[in-house]
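Undergrad: Sequence and predicted model, in that order:
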Amino acid sequence: MWNMDDMLAREALAGAEAFAEVVRKEFAGEAIDLKVACEHGDLPNVIERYKSDQEPPACVVMGTQGASGLQEVLFGSNTASVIKQGSFPVIAVPRDAIFSAPKRIMFAHDGGAVNETALLPLLQIARRFGSEVRIVRVVNEDSTTQANAHDADLEQLLHGLQHTSQFLSHEEVETGLSGLAAQASADMLVVLHRKRSIFQSLFKRSTAAALAMHTHLPLLALQHVEN
């Protein structure tokens, strides 16, 4: 009798090793330390287990092909699931994306609390590449365009980085952000995903997860835990 689990695991590991070899050849001459692992389980839960490592991952990088129609309603996408259920920052890379140093980064901000821990990946990328950060404050009928203490906190965190601010009001936040990113020739879109209670999650859709399924730009989904 064949053990299907063992056979699938061997094939998955072989595929991962083959991909790692492609990466090594692509970056020949650079000091890249690649390790390959094959695990069984629900993807968000498998990734979350790495949180207990002595040196936890700084972020998760995932390719995404998007989801639409019935597929989106029933299944969403693996990337969206990792964003919604996980605690690591996630960089979602569309299959047709071509890497270039991000000259302009669009950061969608809802006006809520921010902290350096949550924003650290954005700050590190912007400093590394000298990127301009364009802050887009998303407003709706429940929010205001008036400045608040959180805006001051964000200004302090971005001190030393070239940045500008503007407002966005749109019935479909994902559509509005995608259109604005295209107009601004943004190279990366950044969204702060806020953890909510199960009750809240029933009534509020995750903009970060939705964008992960539809954006044509690399998307950095930051994680912020509500108090």
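TA: Nice, I can see it.
Undergrad: phi, psi of Arg134?
TA: phi -100, psi 110 (degrees, to the nearest 10).
Undergrad: quick one, helices of the protein?
TA: Counting by DSSP state H, the segments of the chain that form helices are 4-26, 43-48, 69-74, 78-85, 116-129, 149-157, 173-183, 198-201, 207-214.
Undergrad: Point out where the protein drops to low pLDDT.
TA: Scanning the chain for pLDDT under 70 picks out 1-4, 66-76, 140-149, 170-171, 196-215, 225-227.
Undergrad: Break it down into its structural domains.
TA: For the chain, automatic domain parsing gives the domain ranges 1-40, 104-225.
Undergrad: circling back: now the helices of the chain in JSON lines, with mean neighbour count?
TA: (Glycine included, C-beta is placed from N, CA and C.) What follows is the helices of the chain, written out as JSON lines (neighbours: other C-beta atoms under 10 Å):
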{"stretch": "helix 4-26", "mean neighbour count": "11"}
{"stretch": "helix 43-48", "mean neighbour count": "16"}
{"stretch": "helix 69-74", "mean neighbour count": "10"}
{"stretch": "helix 78-85", "mean neighbour count": "23"}
{"stretch": "helix 116-129", "mean neighbour count": "16"}
{"stretch": "helix 149-157", "mean neighbour count": "14"}
{"stretch": "helix 173-183", "mean neighbour count": "17"}
{"stretch": "helix 198-201", "mean neighbour count": "9"}
{"stretch": "helix 207-214", "mean neighbour count": "23"}
